[in-house]
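A.B. asks: Give me a 3D structure for the following:
(2 chains)
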There are 2 protein chains.
Amino acid sequence: MKENRITDLFGIRYPIVQGGMVWVSGWRLAVAVSEAGGLGLIGAGSMYPGVLREHIRKAKSATKKPFGVNVPLLYPGVEEIMQMLVDEGVKIVFTSAGNPMRWTGFLQSHGVKVAHVVSSVKFALKAAEAGVDAIVAEGFEAGGHNGREETTTMILIPAVRRVLSLPLLAAGGIGTGRQMLSAMILGADGVQVGSRFVVTEESSAHILFKEAVLAVKDGDTDLTLKEIVPTRLIKNKFYEKLQALYRTCPTVDEIKALLGRGRAKKGMFEGDLEEGELEIGQVAALFDDILPAGEVVRRMLEEFRLAQIECGKFQNFE
Amino acid sequence: MKENRITDLFGIRYPIVQGGMVWVSGWRLAVAVSEAGGLGLIGAGSMYPGVLREHIRKAKSATKKPFGVNVPLLYPGVEEIMQMLVDEGVKIVFTSAGNPMRWTGFLQSHGVKVAHVVSSVKFALKAAEAGVDAIVAEGFEAGGHNGREETTTMILIPAVRRVLSLPLLAAGGIGTGRQMLSAMILGADGVQVGSRFVVTEESSAHILFKEAVLAVKDGDTDLTLKEIVPTRLIKNKFYEKLQALYRTCPTVDEIKALLGRGRAKKGMFEGDLEEGELEIGQVAALFDDILPAGEVVRRMLEEFRLAQIECGKFQNFE
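C.D. replies: Okay, here's the model as predicted:
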């Protein structure tokens, strides 16, 4: 039996990390996943520093298990957030959307394990150069913010694995135990799961957004806003307005004007399904129910084990 | 040990189908794959009926193993081609790019096994309704013509599998034995492999195109021409011209005018790397060498077997 470098690195039982998603991943979700043996992440991207501090403190008092924080590096005020994470004794930080060179060493010098999210081999190599402890390689099928290369998980994981030996988490399109096993066969040591944890009881997403996620079928999301930050959205009324604008060959400023501010909050947190941005991954096409987050972890592992047994029963075609 | 429905259906040894690609898949490639125990397909899409007949006859005289023909249903003259396939005694036809309702019954009444290529659950269900013997579900990462839904293989295979029990081949992003096992864990019975067979000795692609394929890294292809038929291309000079045109908000007619005719032939068959369309899948990022097609089959199976053993050695996290 092989050791698992992700469980070893983070001191957790199962190599399932819950993605730190804006408007979804507060302390309740992170604690539920960590208590179930995975790694819960608080999503700092949608929190003011004071709110984030409160979530961290609540998580600390609610679980003795390891948990972490996801920090998008391009957010304004990242200096304040990084210092606060260290002050609060956070031991695991996932960084994304920016250059890991600036913060990895600082965090590690305070005993923090650092993973960085990338969408290409080039940025995986840069993250390795920055000295991160683990890489999250996220494919095109992922929800929310996404890379420009549009490389899917089926390609990205082996492409990163062939040039890097660091602990590697697959993200994008992973919401079931079969997908988890599939990603590990491709070369990942574990998985980061986002969308599946949106539709959990502990997710802070609005119930109407959760219901919209359960209704998603294949083809119901699209990667759009590529001129700003490529973002995968459900094709709702706002998305259709955006597509209508695109047909007029708009400037970037016109796109930004239509987008305005706060649409992700409006859609995902406040439940405005028409005018909000509804960020979710393609994998939502496979979800049928809102479950406790711990139950998501348990079911993924159960399916993982069954698929492992099945895997041994495929003919080996000798 | 489970039986394999793809090998049973087509009377082949290994559930590896070589995609019938324009300008690449002549009788030499198809025969080499079939002789190695896979299923070779002649790609009718780039052949006049007389040329196709010649390829079929050469394949028949070169192998006693099963082989097939891929027919894009939207091609002009499809009636003539279908009658000719029956007249020539072709026993396996893969149809794509069109409605399978029109031809499936006709082919089957002449003893032909029919598989149909789809890119969505909706079209998989329509193909099943048309009575096809097998489905090929092809993800966004695939080269050449592609679906509008942009659903990746990691999602499409389980999404199709949960609604259909038909024999299912995964396509798009499959070029290694690990990817093959990964796809089978997701629910496929076997795989259709395109891009990896472009870079084989028996492929009729121009050597300069083959070398361009070997040079592809992640992010070097893009799905473009979405207003006409979404097509995944290498980002060459023609592609950059196309992108420059897109920035001017062109009409569909202007795009068609730039595209002109015969660019796929020019790029892939004649080796014009600047002005030709170079159709290849994202998986090309993983290829390093031009091999005999039979060797591709053998290496895929070897890696498949090793990955199967590895799969049993992952912790089951109990």
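A.B. asks: what's the spacing between whichever residue of the stretch 1-150 of chain A sits closest to chain B and residue A:238?
C.D. replies: Per Cβ to the nearest Cβ, the residue of the stretch 1-150 of chain A with the smallest distance to chain B is residue A:149, at 3.4 Å. Heads up, the C-betas are built off the backbone N, CA and C, glycines and all. Remark: distance between residue A:149 and residue A:238 (Cβ to Cβ, to the nearest Å) = 26 Å.
A.B. asks: Please apply the same query to residue A:104.
C.D. replies: Taking Cβ to Cβ, one finds residue A:104 at 36 Å from residue A:238.
A.B. asks: And for residue A:297?
C.D. replies: 32 Å.
A.B. asks: quick one: which of the two has more around it?
C.D. replies: Using other Cβ atoms under 10 Å in any protein chain shown as the criterion, residue A:297 and residue A:238 rank with residue A:297 on top: 28 against 23.
A.B. asks: Show the secondary-structure elements that the helix or strand hosting the more buried one is packed against.
C.D. replies: Using DSSP states H and E, residue A:297 falls within helix A:293-313. Using 3 or more Cβ pairs under 8 Å, 6 or more residues apart in numbering or on different chains; DSSP states H and E, the elements in contact with helix A:293-313 are strand A:16-18, helix A:27-35, helix A:177-185, helix A:195-198, helix B:177-185, helix B:293-313.
A.B. asks: Spatially nearest residue to the residue of chain A found nearest chain B (excluding sequence neighbours)?
C.D. replies: Closest to chain B within chain A is residue A:249: 2.7 Å, counting by Cβ to the nearest Cβ. Among residues not flanking residue A:249 along the chain, residue B:249 sits closest, at 2.7 Å (Cβ to Cβ, 6 or more residues apart in numbering or on different chains).
A.B. asks: Repeat that for residue A:310.
C.D. replies: residue B:185 is the one closest to residue A:310 (Cβ to Cβ, 6+ apart), at 7.3 Å.
A.B. asks: quick one, what contacts that neighbour?
C.D. replies: A:178, A:181-182, A:185, A:307, A:310-311, B:311 (Cβ atoms under 8 Å, 6 or more residues apart in numbering or on different chains).
A.B. asks: let's see it at 10 Å
C.D. replies: Contact partners of residue B:185, counting by Cβ atoms under 10 Å, 6 or more residues apart in numbering or on different chains, are A:177-185, A:304, A:307-308, A:310-311, A:314, B:157-158, B:307, B:311.
A.B. asks: all helices of the stretch 201-318 of chain A, in order?
C.D. replies: Ranges of helices in the stretch 201-318 of chain A, per DSSP state H, counting those that start in this stretch, are A:207-215, A:237-246, A:252-259, A:263-264, A:293-313.
A.B. asks: any idea which of these is most buried?
C.D. replies: helix A:263-264 (a mean of 20; mean count of other Cβ atoms under 10 Å in any protein chain shown).
A.B. asks: Give me the distance between it and the centre of its chain.
C.D. replies: In terms of Cα atoms, centre = their mean, to the nearest Å, the centre of helix A:263-264 is found 17 Å from the chain centre.
A.B. asks: Give me the pLDDT for the residue of the stretch 1-150 of chain A closest to chain B.
C.D. replies: Predicted confidence (pLDDT) for residue A:149: 96.
A.B. asks: do the same with residue A:2
C.D. replies: So residue A:2 comes in at 72 (pLDDT).
A.B. asks: Please look at it and residue B:317 and confirm they touch.
C.D. replies: No. Using Cβ atoms under 10 Å, residue A:2 is not in contact with residue B:317, being 11.7 Å away.
A.B. asks: Report the residue ranges of every domain in chain A.
C.D. replies: A:12-204+A:286-308, A:211-282 (automatic domain parsing).
A.B. asks: Can you tell me which of those is packed in deepest?
C.D. replies: Ranked by mean neighbours (mean count of other Cβ under 10 Å), these are led by domain A:12-204+A:286-308, with a mean of 23.
A.B. asks: start to end distance for that domain?
C.D. replies: Using Cα to Cα, to the nearest Å, one end of domain A:12-204+A:286-308 lies 21 Å from the other.
A.B. asks: Please apply the same query to stretch A:250-264.
C.D. replies: One end of stretch A:250-264 to the other measures 21 Å (Cα to Cα).
A.B. asks: Any stretches of chain A with poor pLDDT?
C.D. replies: A:1 (pLDDT under 70).
A.B. asks: ok, residue A:5 to residue B:188 distance?
C.D. replies: 28 Å.
A.B. asks: before we move on, what about residue A:200?
C.D. replies: Per Cβ to Cβ, residue A:200 is found 29 Å from residue B:188.
A.B. asks: Likewise for residue A:155?
C.D. replies: In terms of Cβ to Cβ, residue A:155 sits 17 Å off from residue B:188.
A.B. asks: circling back to that earlier point, in TSV, list the helices of the stretch 201-318 of chain A along with distance to residue A:19.
C.D. replies: Formatted as TSV, these follow (distance: least, Cβ to Cβ, whole Å):
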stretch	distance to residue A:19
helix A:207-215	14
helix A:237-246	22
helix A:252-259	23
helix A:263-264	15
helix A:293-313	12
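A.B. asks: Looking at these, spot the one closest to residue B:56.
C.D. replies: Closest of the helices of the stretch 201-318 of chain A to residue B:56 is helix A:293-313, at 37.2 Å (criterion: Cβ to Cβ).
A.B. asks: Work out the gap between that closest one and the centre of the chain.
C.D. replies: Counting by Cα atoms, centre = their mean, helix A:293-313 is centred 20 Å from the centre of its parent chain.
A.B. asks: now swap in stretch A:264-273 and tell me
C.D. replies: 18 Å.
A.B. asks: try stretch A:59-71
C.D. replies: For stretch A:59-71, the separation from the chain centroid amounts to 16 Å (computed by Cα atoms, centre = their mean).
A.B. asks: Understood, closing this out.
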